[in-house]
Structures are given as C-alpha cells and as structure tokens.
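Enquirer: got a sequence here, can you build the structure:
(chains A and B)
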Protein chains: 2
Amino acid sequence: MKVKFRDKIYESNERSSFLKLAESVGIDIKEVITVKAGGKLFDLSSSVPDVNEVEFLDFNSPEGKMVFWHSSAHILADAVKRLYPEALLGIGPPIDGGFYYDFYNLNIGDNDLKRIEEEMKAISKENNKFERIPLTREEAEKRLSGERFKLEILNDLTGEITLYRDGKFEDLCRGPHILSTGAVKAVKLLKVSGAYWKGDNKRESMTRIYGITFPSKEELDEYLKFLEERKAHDHKKIGRELELFEFLDVSPGSPFMLPKGTIIYNELVKLAREYDTKYGYQEVITPFIAKVDLWKISGHFDKYRENMFEVKPFESDEEYALKPMSCPFHVLIFKSKTRSYKELPLRISEHGIVHRYELEGALDGLLRTRVLQQNDAHVFVSEDQIEDEILFELKELKEIYEIFDLSPVFIAATRPDKRIGEDELWDKAENAIFRALEKAGYKYTIKEKDGSFYGPKIDIYVLDFTGKPEAAYAVSTIQVDFNLARRFDAKYTGKDDKEHIPVVIHRSILGSFGRFMGVILSNSKGELPLWLSPVQVKVLPISDSNKPYAEEVAERLMKDKIRVELDESNSTLDRKIRTSQLEKVPYTVVVGEKEEKSKTIAVRDRSGKTSYNVDLSKFISDLTEKIRLRSKA
Amino acid sequence: MKVKFRDKIYESNERSSFLKLAESVGIDIKEVITVKAGGKLFDLSSSVPDVNEVEFLDFNSPEGKMVFWHSSAHILADAVKRLYPEALLGIGPPIDGGFYYDFYNLNIGDNDLKRIEEEMKAISKENNKFERIPLTREEAEKRLSGERFKLEILNDLTGEITLYRDGKFEDLCRGPHILSTGAVKAVKLLKVSGAYWKGDNKRESMTRIYGITFPSKEELDEYLKFLEERKAHDHKKIGRELELFEFLDVSPGSPFMLPKGTIIYNELVKLAREYDTKYGYQEVITPFIAKVDLWKISGHFDKYRENMFEVKPFESDEEYALKPMSCPFHVLIFKSKTRSYKELPLRISEHGIVHRYELEGALDGLLRTRVLQQNDAHVFVSEDQIEDEILFELKELKEIYEIFDLSPVFIAATRPDKRIGEDELWDKAENAIFRALEKAGYKYTIKEKDGSFYGPKIDIYVLDFTGKPEAAYAVSTIQVDFNLARRFDAKYTGKDDKEHIPVVIHRSILGSFGRFMGVILSNSKGELPLWLSPVQVKVLPISDSNKPYAEEVAERLMKDKIRVELDESNSTLDRKIRTSQLEKVPYTVVVGEKEEKSKTIAVRDRSGKTSYNVDLSKFISDLTEKIRLRSKA
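Expert: Numbering: from 1, shown residues only, chains lettered A, B, ... in the order given. As a prediction, this is how the structure comes out:
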C-alpha cells in the first residue's frame, strides 16, 4: 500500500489502524489532522479500508483545515453547553476561515466571547478523545431527546447514523474528527451574529458564534495580524470612513457615489478619456436599452440572459433589455457607413454603463456590482493587424498601469474545444497574442483551452495587498473576437476591392471604473495619490484671529483648481490635524501668527513631516505640477 | 347684433346672409375667409343664425387658415381626379402648415406634383363657387357610388349628411368652405408619401399628397423661404450631414452619438461640471434603477408611471423601475447623515441619466428622446434662503448663457389651486422668485396658477431661429419644492436646535445635454464656436510633395490638444476646401511650397477669408486662447 504525506511517499501494509500505519512509516501523528483513502476522509483512529493508497493530511491542506475547524465547532458547542445549559444546539460547520455554531435560546453579545473562549481552552487542555458512535435511529432519538433542532436534522437524515463524543459532549455528526481536543492549541472567537434556522426567515432566530482555531499560537497570531491588515484594506470600510460611497437597500448592487467618491471616479474617467484620445480611440455614446431582437442577433439573449434585465414601459407592451455590454452597438456604428481597409484599425471607445444581474449574496461593495461603467473599446482590425494592435493596446496599458504603480499579471488563454473559426485563424491570433506580450516585455502564463469560443484572450490581473496571485483582481482584458462582426454581417472593403469580415478586439484597461476604484482604495488603504485625492489640501487656522489669512490661503489654492477644505471648527489644532490625517488628506496647511506675518505657510504631509516657512506660490506650483503629472505620491 | 373683424367692432341687423352682413358694415369680403357665430364656423354664403355676435375671420386667424386649406384640399382632389380619373378619394384634412389628401390607386412621385399644381391653378382661375348640398343617405350613396373609401366614411357617419361641390367636383364634407376657388392665389405641393387607410397597417396603402396654399404669391414665397430656412436649421439634418449622431430602430428615442457628436456632448458636460464646481455644487452619481417602493414614496409611481420603464431581471422576480428623475436619490443622500443648518444651502448635482417613456410618434431627434442626461441639481435650503439661492442660480445661468450668446425668456409660474404648503410659504417663495429675477436684471412674464402643486417655478426659454417666443425651446428650470423633503422625512437641525424640513430647489441650466446640443446645432446651423467644434482645424497639403509639411503642421496642432484632421485624399484642393466648409470646420489650413519654404501657413476661416504667411505658433496660441475662453466665434 502506498502511503503519502506532504511531499513524501512511503510503503506499508499495516492495516490495523491509521495510527499504526503512520507509526509504521515514521510519520509524526501530531502533525497529521486527517487521512484520505479511496476518496473519503477517515478518523485517524479507524482501521484502514481495502485501498492501494492512503494520504495523510496536515493542517495546511484544505481537508485538514476543514476537519480541524469542524472539531473546533464541537469544542465550541461543548463550551457553550457547559456555560449556558439552557441553550439548544443547531448546526456547526467549518467554513472558509474557521467555523461557526448556531444556538437557540442563547442571549449573548461579543462581550461574552472571552468567557466561552476560556472554556474552550479548558476543554482543549482536557484533551478528550473524539469517539465515533454508530447507532440506530431509536437510540439516537433517545440520546438527543432534549435537542429539538438535532431531532429535526435526524428526521431528515438517511443512511448510517453516527454521534461523535468528546468527553461528556455528544453531537449528531458524520465526522471525521481530529484525534482529541488537545490538538487545538489556539482559539479565537470572532463575532456573534443572528441567523434563521435553516436560513428560513419564517423559522427560529438562532445565535451564531464565529470562531477560528489553529494548531499553534503563532499561527493564530499571524492570522489575526492578517485580519487586521485585511480590515485596513477593506475598500467598503475605507469608503464609509472617508465618505466616498454608500449602498442603500433601494437598489442593491448600485453604489451611491458621494461627492468625494465622485471626484475620484471622475478623475479615473478623465484619465481613461485622455489616454484613449491620445491612442486614437473615437469615443461614442450608445443607448441603454435595445429591443430583445438585437440581443438575439448578438447571442446575449441565449448565453447571457440570466445576467440581463428586461425593460418595459409600465403602460405599453414594448419590450427591451438593459445593455449588459456595448459591443453590439459598436458594431452597428461600424456598419452605419461603408468601411474601407484604410479606416482600419478603427478604434471605437465608450465609457459604457452596463447592467448585469448578480445574486444579492454575490455583491461585494464596488468590487461586484449590478451596474458598472466600463473603460470599454472595440477595435476593428484585419486579420493581419491583430498582433500590432494588441502590442499598441499593451503600450497604453503600460502607461496607465505605471501611473498607479500596478504590476500586472498576464494570463493568455488559448482555443477551447468548442469554438468557431478555422484553426489557421486561431494559430494567427494566438501567436499574435504571444508575440505582442513578448515584444511588450511582459511575462505571461498560458491557460490552455481557456479562451472564449469566439477567440483567444489576455486577462490582466492586479495583485491585492496579500501579493498572492490567486487572490489577484481581474482588471483589464484584451479579447480577440472572430464572431461578433460575422453575427451582424459587418464588413469592410479590402485592398482587393472584395468584402471582408473584420476581427474585433474587445479591450478594457481600467475595467469597471467603480471596481478599479475599489481596487486602488484597498491597495492604498485610502491613501490616494495627490491627483486622485478628493481633498488635496486642508487649511487649519491656529486661532480665530488667523481665520482671515487661512481663508486667503484657501482661496488662492482654490483659484488654481486645487481641491481645498478649510477647517474653521472650534476643535483644538491637534484634533483638527488628526481629523485631516484620518481623512487621508495629502497636505495639511497650518497657519498661525508666525505664518501670517511672514506670509508663508506650514505644511504637514501624510507621513507627519512638517515644513515651515513654505512660500505659498511655490507650494501651489509644486502641487499643480504634481497633479498635472499624476505623480504617485 | 355685434359684428367683429380684426380689431374693429360694428353693429348691424342684416341677417339675410353673412355676405350681406359684411357689406352692411363695410367689410371687404375679399379679405374674409370664414365666419364664426355661436361658437361654430359657417360658409359666408349661408344665412345668419339667431346670435348676438358674429366674427369674420381672415387668413391670419387659425380658423381662417383651416378653412382655406380645407378648401385647397378639395381643389387638390379635383385636380387629381381630372388628371388621374382612376384614382379613388380618401380623406383630405387641413393640417398645421397646409393640408394633404389621400388617394387610392394613384402611382405618382414628386416629379408629378408640378403637373397637379398647374391643374390646381387652372381650377383656381375657374373661380368655381363652393356649394353646400344637404342630402339623404340614399342620395349620398348614389352620388358617391364609385368611391368606396367615401362610402366607408359615409357608413360611419351619423347626423346630417352634406356634400360640397365646386365646379363638377363633389366631396362628402361637413364644411365650411371659402366662397370660391379663386381665393386661392398661390399653390405649392410639397411632397408625396405613403399612408395606410385609417392609419391601419392592415388596410390599403394610400398615396398622400401634401400641399400648402396662400391668398397671395407673396405669402407663399415668404413661406417657402421659411421652409428653406427651417431645413437649414433642422438639427436632425445637420446631425446626419456632419455625422454627429444617428437613430436606429433597435432603440427608438435613444441617440447613438457618433465620435464627432460625442466630442460636442462631452464639451457640454465638461462646461456644466466646471461651472457647477465653481458654484459650489457637490457632484454625486446615483443608481439607474430602484425598487418600485421608492417611487411610491416619491410619488412618481402614482403621478408619472406612464412615463416610466419597469425593470426586472429576466430570471428573477425582483422588481425595479428605471429612474425618470434623480431627485429621490439626492434626498436619500441628504438623509444619509445628520444635517445642520450650517451646511445649507447644500448643493447636490448630478449629470443624471434618466429614462422617460414617450410615444414613438412624439420623438423628435435630440429634442425629444427617451433617454436624457440632465445638468441636474437639487439645492437644500431653509425657507429664508430661497431668494438668495435663486439669485445665485441665475448668476450661474447668466454666465453660461453668455457663452452661447443665448437670450433667455423668463416665465414665473405661481400657485395653482390644488397645492400643498401654507399660503405664507407660497408668498415667501413667489416673492423670492420675483425679487431674485429683478435683482438679476431680468424681465419676466408671470403665468398665474401654472406652478407645480409643490411650489412656484421659473421656466427659462431659448428662442429658436424664428425668434418667436411661442416657438422657443424650454431649456432651463428653477423649481421650488416644499414637498420632496417632506415625503422622505428629510430634516436638518436649525440654529434653534430643532428639526426643520428643508425646501428643495430643483435646478437645471443646460437642461438635457442632448436636447441643448440639438438647440445650439439648430440655432447655429451647425456652425459651432471653435471650442465646441469636433474638428477645429483641417490641414490640406496643396500637392503630394507638401504632405510631410502638412503632417508636421497637424502634429504640432495635435500636440497642443487642438482637434485637427489631415486631408491627404486625392481630391483637388478646391474640392477639399469645399468639403472642409461643408463640414463647418472653423479653420482650414492650406500648405503649399510657399508655406513650406517660409515655414508658415495659409488660414481660411469659415467666412472664406484667407490669411497668408501666418506664423504657426501664433496661430496655435491664438486658437488655444480662444478655446480656453470659449469664445463665441
């Protein structure tokens, strides 16, 4: 029998138990959480089934974490029952990042978590063995008699019935579990929240406790640090604190951009427009709604309907759909006049606002919304122009990414099995993509068969604060499309005076402006570069008598189109400085008697460094230049 | 009996006929078209009914025109039957701007109109009297036996049946008519088009002939000149010719802004954003869709539903509506935090894109669409701030109107009978409106009782090319609203530490950007000022050898963000200049050997004036300055 653990492979025929098997090949059982054989997970204490291969799994495997956190949920339930005997048990599964357990008749708040945590630690110290108890339905009903929610689950259960016991605590459970409670060396309960039994708002309200555990204190500390870091990078929290945007129930998935958020948003649109103009894109504005027939021709109605919204006048029978993409409209514009090869590549761009239905649970602040405005473009090219055009697009991408100091991760996706277009054309387009990426000096990964049925593509990702590629944000895309123009019968006259179907390249650099804003807010923790900051300078008079001078300074800044706020509130100077810092304002200008006399200003930057005796004109010209160049700091 | 004609009043008791009556008081019957008595129109040849007052009407009255053009339709039908005896008669009503007549089995084109016109003139010369013939249904059926469409009308007819005869021509008709065909001194047939019998696309296709007539040749000439002028001012024609926008069947009422139109559109948005920022407005971006509940609170669902679109995911039961206005969202933003009197006036603006359902027949290019982006704002004020705020808004309006050289026409609308809010508040708000207009130095007309039920308003109109106030475009609006904040329970804390409901002022200066674009395109005949022109300079090389220099010139202009096009086609220079003129390009730069040698350019402006030996740098700096200042020329 083959025995795997981490990167090593052993041989053994010890089948009396997994524990013995591990021992027989010298695997330290303390490092093992669970074991997989024949595609199933087992308790380490069980005997080895008739298989050729067994894999021991540690905490770093997804299955190891799942079992570990599942056992931890039992420990949590045990602790709660010890402290609150009147509480009834609901369910307690492992989840991504820990576990939870639902209780009925448990009235506690976050303040009570410490006590429960302590109880869990005590249970861990007891090092109770987890024991699997198969039993009949009648026996099970007897043993769970006081737990009406467990009885309800039991009632729904088919197949083998098992309880798991650790110490005196028993729970209806399929397992498997860790060997004993002692493996859980570090516990953190995260929060209390409400939940309905079975997620049904007509059923009982349960109290849900979330927690996480680790095999060592170090791992927990590291995780808690990560949680802190993640909180600091949470774009929704940043958006709330800096009053950038909000979400209201009246329109799930549609942000309300508040004044300060709108400034950031508009700066992004302005940037995209500026670069697209420089790169020869011709901007258009197309409708929001179109007859369903159009979406049938484009294919969206067949393949994308579940993401689309239907639109009907309340008092008429006309039928439309809200656009989920602008592509069909751009092809109609291409078709609106006779086109010659001389016009290619024809670059049509739009800051198109599209609506895409997403389930409410899938929405995530600005990162996943139902309405999005795209930095969208469609380039009509001949087959021979694909490579040059993609290289051209990558050049623009490079310029824009440099502004934001973003390191892109490129993934090139090639032909899938189901596709349209001749292999020759696919060869051409895939090679064009590879060569363009190489010429642009970019490294890339190939994802075989991951292209669309209509052509190969490049997806460009931006790393998040963790720097892990698997957590990166999909931001930009360059997609070759052999199908779109064909569907609309869009053609151009070639040099040979014959009609040809253009290839369309879908291209978006910033992706959705809202989403991009979410990404940069997260990555910068809200400390945006000067040009993007909603308030660029805050002016603080030291005392009331300095107010006129502070106003004069603010007005001069405003005259030069620097976004300035004057804080004339009655707070102390220290508190005003602190507010300015919390608001992530790049420059805080302080003016007191000294400054007024010398007609200068004191300038404090975001790092806390203060420069005195600064000449206002010099300050303005420095800032204006920084803003003009969209400097990173 | 009182007898009125034009501005004069006479007395007479002559009742034998209207003709005699006119004669009795010395009215020249040649000047009269029809006569009104007891609210009805009569033939001049009929006897006078038992009334106390009779009014004779000339061609300048709406009723006079209607009768004149109705009789002209009979003359047209007579002419067609003489020339095409096989044609069958449909209907022939007077319309706004002439009349038409529908015929069945008449295959003619615009080229045949001249011949019919000649025949009509002949009929006019015959000076046949119009004669009213009352008759029984049986007699009528006999006389109309060959005319199956007339028989269908007869069949639907109830009450008295009358024919009208002039010469040999008879038509089923209620009248009244002019005295005789000789009154029609000038005839112009305008066009031939198709129409369905009874407007029903399942019925017969008819041939519709449009025409217009006048009592004198001079009036016709003047009208034809007006038509020419109107055509030159037709924003749809301008949009098509300059490739600014188009409309497609896939989305009626939603313009496709083509690249050149988008440039104009974006310049308008930029202008509005610039001025609104200067005037302290805080821009926001709000959702496109919201749950129907919101529109119930706002009142739109009750009062505006027929103009609204319902929105539903294709594969879910959720129900939304597309926003027809942004007001409710702005109130929600106002409500999103505690507000103090210190924040008032709080000016929230949005370039909100709204959808409003209009019948397809009511759509009119950019002037009436189903989607519009507004230069929208809502200002939250205390009752005491209304006047100052309106004055402030009028100041911004004045600045913006001056850029476009527009003369506004102000109409102040006061409290209607059905309204909310105390009279004291209405007094305050109406007086605020009047005083603000006076302080701003504007003349205004008061339209009594024309305010909304929620407050008084100012509507601001812009004259069209005719300069007639009745044809002016409604562009800007300032509306005081006592109701909106109340409906949403939005409040602020006053100086007195108590809660108050703010008054909301709805304000739009440019109105809908698309519509405003339509207005200025029409008024300027497409000759936009430099800053708004999609192509600001066109560069033409005289010969192939001058192309490199032409390219150099174009690049230098482009570098300074001047929108430039290079015409390197193989046309002659004259044709290229003519194209540039037709495209309404402000400056056409011509470069030949002479220019290349002296490193200068020749510049031709839109009026045709050419300046030679122009220094390129000087030209660029002049243009840049003009663009920056948004100069009128």
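
Enquirer: phi, psi for whatever residue of the stretch 351-500 of chain A ends up closest to chain B please.
Expert: Residue nearest to chain B within the stretch 351-500 of chain A (C-beta to the nearest C-beta): A:Y357, separated by 4.1 Å. Just so you know, the C-beta spots here come from the backbone N, C-alpha and C atoms, and that holds for glycine as well. When read as degrees, to the nearest 10, the backbone of A:Y357 gives phi -70, psi 130.

Enquirer: how many neighbours does it have?
Expert: 22 (other C-beta atoms under 10 Å in any protein chain shown).

Enquirer: surely it is in contact with B:E315?
Expert: Yes - shown here, A:Y357 and B:E315 form a contact pair, counting by C-beta atoms under 8 Å, at 7.4 Å.

Enquirer: quickly list what's touching both of the two.
Expert: A:E306 (C-beta atoms under 8 Å, 6 or more residues apart in numbering or on different chains).

Enquirer: show me where the stretch 101-250 of chain A has strands.
Expert: A:130-134, A:162-166, A:169-172, A:186-196, A:205-214, A:245-246 (DSSP state E, counting those that start in this stretch).

Enquirer: could I get those strands as JSON lines with distance to A:P94?
Expert: Output for the strands of the stretch 101-250 of chain A, formatted as JSON lines (distance: least, C-beta to C-beta, whole Å):
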{"stretch": "strand A:130-134", "distance to A:P94": "14"}
{"stretch": "strand A:162-166", "distance to A:P94": "14"}
{"stretch": "strand A:169-172", "distance to A:P94": "14"}
{"stretch": "strand A:186-196", "distance to A:P94": "14"}
{"stretch": "strand A:205-214", "distance to A:P94": "10"}
{"stretch": "strand A:245-246", "distance to A:P94": "33"}
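
Enquirer: okay, helices next: where are they in the stretch 451-600 of chain A?
Expert: With helices called from DSSP state H, counting those that start in this stretch, the stretch 451-600 of chain A shows them at A:484-487, A:513-524, A:547-559, A:573-582, A:593-598.

Enquirer: if you could redo that for the stretch 201-350 of chain A, that was the one I meant.
Expert: Under DSSP H, counting those that start in this stretch, the stretch 201-350 of chain A gives helices at A:217-232, A:235-241, A:259-278, A:292-298, A:300-303, A:327-335.

Enquirer: near chain B, which residues of the stretch 351-500 of chain A?
Expert: A:I353, A:H355, A:Y357, A:V371 (C-beta under 8 Å from any C-beta of the partner chain).

Enquirer: was I right to think the last one contacts A:G352?
Expert: I take that to be A:V371. No - A:V371 is not in contact with A:G352 according to C-beta under 8 Å; the separation is 11.1 Å.

Enquirer: how is chain A carved up into domains?
Expert: A:2-58, A:63-233, A:245-524, A:530-628 (automatic domain parsing).

Enquirer: list the contacts of the nearest residue to A:Y279 once chain neighbours are set aside.
Expert: Using C-beta to C-beta, 6 or more residues apart in numbering or on different chains and skipping the chain neighbours, the partner closest in space to A:Y279 is A:E396 (4.9 Å). Neighbour list for A:E396: A:Y275, A:D276, A:Y279, A:I509 [criterion: C-beta under 8 Å, 6+ apart].

Enquirer: highest neighbour count among these?
Expert: The residue in the contacts of A:E396 with the most neighbours, by other C-beta under 10 Å, is A:I509 (27 neighbours).

Enquirer: pLDDT score for the nearest residue to A:H500 once chain neighbours are set aside?
Expert: Closest residue to A:H500 apart from its sequence neighbours, by C-beta to C-beta, 6+ apart: A:G494 at 4.7 Å. pLDDT, A:G494: 96.

Enquirer: burial of A:G494, as a residue count?
Expert: With other C-beta under 10 Å as criterion, A:G494 counts 13.

Enquirer: how near is it to A:N483?
Expert: Distance of A:G494 to A:N483, given as C-beta to C-beta, to the nearest Å: 20 Å.

Enquirer: for A:E422, same thing?
Expert: A:E422 is 13 Å from A:N483, where distance means C-beta to C-beta.

Enquirer: so those two - more neighbours on which side?
Expert: A:N483 (19 against 10).

Enquirer: what comes up buried for the helix or strand of chain A with the lowest mean pLDDT?
Expert: Every helix and strand in chain A was compared by mean pLDDT, DSSP states H and E; the lowest is helix A:300-303, with a mean of 88. Residues of helix A:300-303 classed as buried: A:H300, A:F301 (neighbour count, 16 or more other C-beta atoms under 10 Å in any protein chain shown).

Enquirer: same for it, what does it pack against?
Expert: Counting contacts by 3 or more C-beta pairs under 8 Å, 6 or more residues apart in numbering or on different chains; DSSP states H and E, helix A:300-303 packs against helix A:292-298.

Enquirer: how about residues contacting the helix it packs on?
Expert: A:F301, A:D302, A:M308, A:E319, A:Y320, A:A321, A:C327, A:P328, A:L484, A:R487, A:F488, B:V250.

Enquirer: and it, how far out from the chain's middle?
Expert: 32 Å (C-alpha atoms, centre = their mean, to the nearest Å).

Enquirer: what about stretch A:526-546 and chain B, touching?
Expert: No - against chain B, stretch A:526-546 shows no contacts by C-beta under 8 Å from any C-beta, the least distance being 10.3 Å.

Enquirer: what residues does stretch A:50-63 touch?
Expert: In contact with stretch A:50-63 (C-beta under 8 Å, 6+ apart) are residues A:1-6, A:18, A:21-22, A:27, A:31-38, A:41, A:48, A:64-65, A:68, A:214-215, A:219.

Enquirer: how about the nearest residue to the residue of the stretch 351-500 of chain A closest to chain B, chain neighbours excluded?
Expert: B:P313 (4.1 Å).

Enquirer: that neighbour bridge partners, please.
Expert: A:F309 (DSSP bridges).

Enquirer: wait, it touches A:V311, no?
Expert: No - counting by C-beta under 8 Å, B:P313 stays clear of A:V311, with 11.0 Å between them.

Enquirer: same drill for those two, tell me which one is more crowded.
Expert: A side-by-side neighbour count of B:P313 and A:V311, using other C-beta under 10 Å, places A:V311 first with 25 against 22.

Enquirer: ok, that one touching B:F314?
Expert: No - here A:V311 does not reach B:F314: they are 10.4 Å apart, not a contact under C-beta under 8 Å.

Enquirer: mutual contacts of these two, please.
Expert: With C-beta under 8 Å, 6+ apart as the test, A:V311 and B:F314 both reach A:A321.

Enquirer: if we can go back for a sec, residue contacts, the residue nearest to A:Y357?
Expert: So B:P313 contacts A:E306, A:M308, A:F309, A:E310, A:Y357 (C-beta under 8 Å, 6+ apart).

Enquirer: anything in the one helix or strand A:I620 maps to near chain B?
Expert: In the assignment (DSSP states H and E), A:I620 maps to helix A:616-628. No - judged by C-beta under 8 Å from any C-beta, helix A:616-628 stays clear of chain B, getting no closer than 13.2 Å.

Enquirer: packing partners of that helix?
Expert: Counting by 3+ C-beta pairs under 8 Å, 6+ apart, helix A:616-628 packs on helix A:547-559, strand A:600-605.

Enquirer: just the CA atoms of it, as PDB, please.
Expert: C-alpha atoms of helix A:616-628 as PDB (Å, rounded to 0.1, in the frame of the first residue of the first chain):
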ATOM      1  CA  LEU A 616       2.600  79.700  -0.900                       C
ATOM      2  CA  SER A 617       3.300  80.300  -4.600                       C
ATOM      3  CA  LYS A 618       6.000  77.700  -4.600                       C
ATOM      4  CA  PHE A 619       3.700  75.300  -2.800                       C
ATOM      5  CA  ILE A 620       0.900  75.900  -5.300                       C
ATOM      6  CA  SER A 621       3.200  75.500  -8.300                       C
ATOM      7  CA  ASP A 622       4.700  72.300  -6.800                       C
ATOM      8  CA  LEU A 623       1.300  70.800  -6.300                       C
ATOM      9  CA  THR A 624       0.000  71.900  -9.700                       C
ATOM     10  CA  GLU A 625       2.900  70.200 -11.300                       C
ATOM     11  CA  LYS A 626       2.400  67.000  -9.300                       C
ATOM     12  CA  ILE A 627      -1.200  66.900 -10.200                       C
ATOM     13  CA  ARG A 628      -0.500  67.600 -13.800                       C
END
